[in-house]
Structure formats: structure tokens, C-alpha cells
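Asker: Got a sequence here, can you build the structure:
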Amino acid sequence: MRAAVVCVFAAACTSSPKPAAVSDADTCAFCRMAVSDAHLAAQIVAPGEEPRIYDDIGCLVNGLKREPPAPDSVAYVADHRTGDWVRASAAVYTRVSGLSTPMGSHLVAHSSLASRNADDVAKDGQPVSGAELFGATGAPGGRDVR
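Answerer: As a prediction, the model looks like this:
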């Protein structure tokens with residue numbers, strides 16, 4: 001029994017922080033505007049810290065330059081089509097010049113190429129690599145920089 005309790009606590013301590021629910025009552029940690037569309041939002045979460053919410057993927061990128069995250073933090077972006085949270089390090093990014101985003105980055109994210117291809121908004125956009133957005137080290141919480 002005691003070993004099982006230790007295992008449960010150890011697993012809880014090593015699991016990645018989970019994304020927070022985001023609403024239009026939240027304000028962007030970078031530009032201070034209200035989150036007007038949760039399907040364009042992003043966030044950084046870290047154990048013991050309040051999530052940093054962003055209204056635009058461009059604000060996430062700029063926010064990371066201005067204020068580096070804690071070492072154990074994880075960045076998440078919303079899948080534009082589904083609204084589900086996906087690790088920013090694993091997301092597929094697209095710049096859609098005709099799409100109005102809160103701060104004009106024109107960036108959307110998807111959990112996969114299949115989700116991107118099923119999104120009518122993104123189908124005519126230009127792919128953008130994670131390395132182009134986040135640099136060689138990638139987004140917080142992963143080294144996958146597609």
C-alpha cells in the first residue's frame with residue numbers, strides 16, 4: 001500500500017502541467033487585450049505558477065522573447081479547427097494572410113496535418129515551422145520543432 005501511494009505521488013510530481021481553460025475574461029500576458037477567440041489562443045503553464053495566457057500565437061512568441069518561462073513549463077496552442085489544446089512543440093503552424101488574428105500574426109495552429117487539411121481557413125495558408133517561430137530550442141515543453 002505504501003509503495004502504491006509513493007508511486008501515485010511520484011507520477012503526479014513528474015507529469016506535465018495541463019493547460020487551463022481560457023475565456024474572453026482572460027487577458028493576454030503580452031499585449032493585455034482580452035482573449036477574443038479561444039481557437040487562436042496560446043498559453044504557458046508551469047507547476048506552482050498561474051498560466052500565462054496569450055490571445056495570439058504571435059503574442060506567445062513575443063512573450064517568450066520578453067520573459068523566458070520556467071524550466072519545467074509547457075507551452076500550448078489551441079487547434080484552430082477543434083479548439084483542443086496541443087503542445088506548441090508538436091503543433092503544425094500555418095500563416096493565413098487573409099485571416100484576421102488579434103495581433104495580426106495571421107498564425108493558426110493544428111494538432112496534425114490532418115486537422116490542418118480539414119480546416120477550410122488554413123487550406124490556402126503557408127506552412128510555418130516551429131523552428132521559425134520558436135528558434136532551434138523549440139517551444140517550452142518539447143524539442144520537436146516541426
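Asker: I'd like the next helix or strand past the helix or strand of the chain with the lowest mean pLDDT.
Answerer: In the chain, the helix or strand scored least confidently by mean pLDDT, DSSP states H and E is helix 2-14, which has a mean of 42. Helices and strands here follow DSSP states H and E; after helix 2-14, the next one along the chain is strand 42-45.
Asker: So, low pLDDT: which residues of this protein?
Answerer: 1-14, 143-146 (pLDDT under 70).
Asker: ok, 90 please
Answerer: 1-17, 71, 123-124, 136-137, 142-146 (pLDDT under 90).
Asker: neighbours of Gly130, just the number please.
Answerer: 21 (other Cβ atoms under 10 Å). C-beta coordinates here come from the backbone N, C-alpha and C atoms, glycine included.
Asker: To clarify, my last question referred to Ser36.
Answerer: Using other Cβ under 10 Å: Ser36 sits among 13 other residues.
Asker: show me the contacts for it.
Answerer: By Cβ atoms under 8 Å, 6 or more residues apart in numbering, the contact list for Ser36 reads 24, 55, 102.
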